[in-house]
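**Student:** here is the input, now give the coordinates:
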Amino acid sequence: MSAVTDADIRAAAERFPEVFTEPARVVWGRRALFVGAIAYFAFCVWAFEITFERLFGGLHKMGHVIYSMVIWNDFLSWDFTGILIGLGETVGMALLGTTIASIFALIFGFVAAKNVVPNRIVHHVVRRFLDILRGVDTLIWALVFVRAVGLGPLAGVLSIIVSDTGTLSKLYSEAVENIDRKPIEGVRSTGAGRMQGYRFGFLPQVMPVFLSLSLYWFESNTRSATILGIVGAGGIGMQLSERMKVQYWDQAAFIILLILQTVALIDTLSKWIRMRLIGKREL
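**Tutor:** Numbering: from 1, shown residues only. Sure, this is the predicted structure:
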């Protein structure tokens, strides 16, 4: 087969111009999309009143806040007991909510997987139910449960359970749908039943993924639980909110540092566990 020369390409382009050029509708469609994006961006800047004066006019106020955070007054008189109890509640909310959500997700994840439940109606109903759970933000669920069960960590735990059940179930189901069928066929070839096929064919492949996702969500929920406390769901967020309302910026800075250290510790611990789940011994 002889090599194609530039002359051959030019001849083909002259003969079949529609193949070598983009249709006009595609070109104009891209231009319209670009212009529309620029126009929408400009509209947002105008509607939100984003001006140079508003952006930089309040820097002196921010400077006062930062200064108040750096200078700690009467450190030994602070309510360390309440702060540490709030921090413990936050970690507890994240741990309890993530654990229960992972158990629910283990069930819904298999039901939502096409290779486990091939019935389209069941699959569609379960998927849409999970979309509703994760489509509403955790903060919104917290406001709902604060109204339902009152102030305190219980509202935070329930909001994490509902939101994470939807998210983790979707991730679990995708992991189940991507498994290798050969181990399952090997288990069933020995005469194993359907449930045994799930136990020895599905679970060994997906459990490391499930545990890794749950550990990551536990780390993420530790941060989310802080925000939940601000709306009345208890924990360190409520402690932080109370101090910011009365402008105790030094104590607020101390609480923020505690939150950062706690999240970093949980992140390190989660990474250590994940590495061992997937067989790696070094961080």
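
**Student:** for residue 104, see how far away residue 129 is.
**Tutor:** From residue 129 across to residue 104, the span is 12 Å (C-beta to C-beta, to the nearest Å). Yep, even glycine has a C-beta here, placed from its N, CA and C like the rest.

**Student:** same check, this time on residue 117
**Tutor:** In terms of C-beta to C-beta, residue 117 sits 16 Å off from residue 104.

**Student:** report the longest helix in the chain, please.
**Tutor:** Determined from DSSP state H, the single longest helix within the chain is helix 80-111.

**Student:** list the buried residues for the next helix or strand after that one?
**Tutor:** Per DSSP states H and E, the first helix or strand lying C-terminal to helix 80-111 is helix 120-135. For helix 120-135, the neighbour count (16 or more other C-beta atoms under 10 Å) marks 123, 126-127, 130, 133-134 as buried.

**Student:** ok and helix 120-135 relative to helix 80-111, angle-wise?
**Tutor:** Angle, helix 120-135 to helix 80-111, by axes from the mean of the first three to the mean of the last three C-alpha atoms, to 10 degrees: 160 degrees.

**Student:** from residue 102, how far off is residue 254?
**Tutor:** 32 Å.

**Student:** those two: which is more packed in?
**Tutor:** Using other C-beta atoms under 10 Å as the criterion, residue 254 and residue 102 rank with residue 102 on top: 23 against 19.

**Student:** might you report the residue contacts of that one?
**Tutor:** Neighbour list for residue 102: 164, 168, 210, 214, 217 [criterion: C-beta atoms under 8 Å, 6 or more residues apart in numbering].

**Student:** between the residues you listed, which has the most around it?
**Tutor:** residue 164 (29 neighbours).

**Student:** excluding chain neighbours, what is closest to residue 224?
**Tutor:** Distances taken as C-beta to C-beta, 6 or more residues apart in numbering put residue 138 closest to residue 224, at 5.5 Å, once the chain neighbours are dropped.

**Student:** still on that earlier bit, please identify which of the buried residues of helix 120-135 is nearest to residue 52.
**Tutor:** Relative to residue 52, the closest of those is residue 134; by C-beta to C-beta it sits at 38.9 Å.
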